[in-house]
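Novice: Fold the following.
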Amino acid sequence: MIDTHETLALSVVPIAQDLFTAMIDGEPGLLTPEPATLPVVDPVHAWVDIVGPAHYRALVVTGRATADRLARALLQMADDEDVSLEDVQDALGEVANVVGGNLKGMLPEGSSLTLPVVDVVGPTATRPADHEQPLLWRGDPLVISLWTPKNGEEL
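Specialist: Numbering: from 1, shown residues only. The predicted structure follows:
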């Protein structure tokens, strides 16, 4: 029997691919899973927490240059248009929000989603993620990680 955490972990790739196809690229196949995490240069982190009967955190990390390209694609900006920090926060926050919202939909009634947080410093974590999914978007690394609290720890 597959437990809830494993179900969520197995759902990360199809959720992210559907999101990128529908909202960012307009075509499938540009976001692909990778077997190992590649280094992320100048990282930007976006995360949401799922709270309620089940607690989870979904974290999206990519490099600033990739986050700029994501913002241009999501906000339908020209390839050479300047991207502000606010644009990056809006775009990467929306990616985290959609991933988290889809995961929340797989959890018990009464679960809710926090507002996304976007920062160059990731959330404090005392241990590695429960699941880390390395991806490549148009050749650049993007990682989606999931945590669930263990033994009463705070996320």
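Novice: Just give me the neighbour total for Ala16.
Specialist: By other CB atoms under 10 Å, 22 other residues sit near Ala16. Where you see a C-beta, it was placed from the backbone N, CA and C, and this is true even at glycine.
Novice: now the helix or strand where it lies, how far from the centre of its chain.
Specialist: Assigned by DSSP states H and E, Ala16 falls within helix 4-19. Put simply, helix 4-19 sits 11 Å off its chain's centre (CA atoms, centre = their mean, to the nearest Å).
Novice: What are the boundaries of the helices in the protein?
Specialist: For the chain, the helices defined by DSSP state H cover 4-19, 64-74, 85-104.
Novice: among the ones you listed, which is nearest Leu155?
Specialist: helix 85-104 (12.3 Å; CB to CB).
Novice: So what's the gap between the closest one and the chain middle?
Specialist: 7 Å.
Novice: So which elements touch that helix?
Specialist: helix 4-19, strand 43-51, strand 56-63, helix 64-74, strand 112-113, strand 117-119 (3 or more CB pairs under 8 Å, 6 or more residues apart in numbering; DSSP states H and E).
Novice: For that helix, list every residue counted as buried.
Specialist: Neighbour-count burial for helix 85-104, counted by 16 or more other CB atoms under 10 Å, picks out 87-89, 91-100, 102-104.
Novice: beta partners for the most centrally placed residue in the chain?
Specialist: The residue lying closest to the centre of the chain (CA atoms, centre = their mean) is Val60, at 3.1 Å. With DSSP bridges as the criterion, Val60 is bridged to Ala46, Ile144.
Novice: list the contacts for it?
Specialist: Val60 is in contact with 45-47, 92, 95-96, 99, 142-144, counting by CB atoms under 8 Å, 6 or more residues apart in numbering.
Novice: Apply 6 Å and report the result again.
Specialist: Neighbouring residues of Val60 by CB atoms under 6 Å, 6 or more residues apart in numbering: 46, 95-96, 144.
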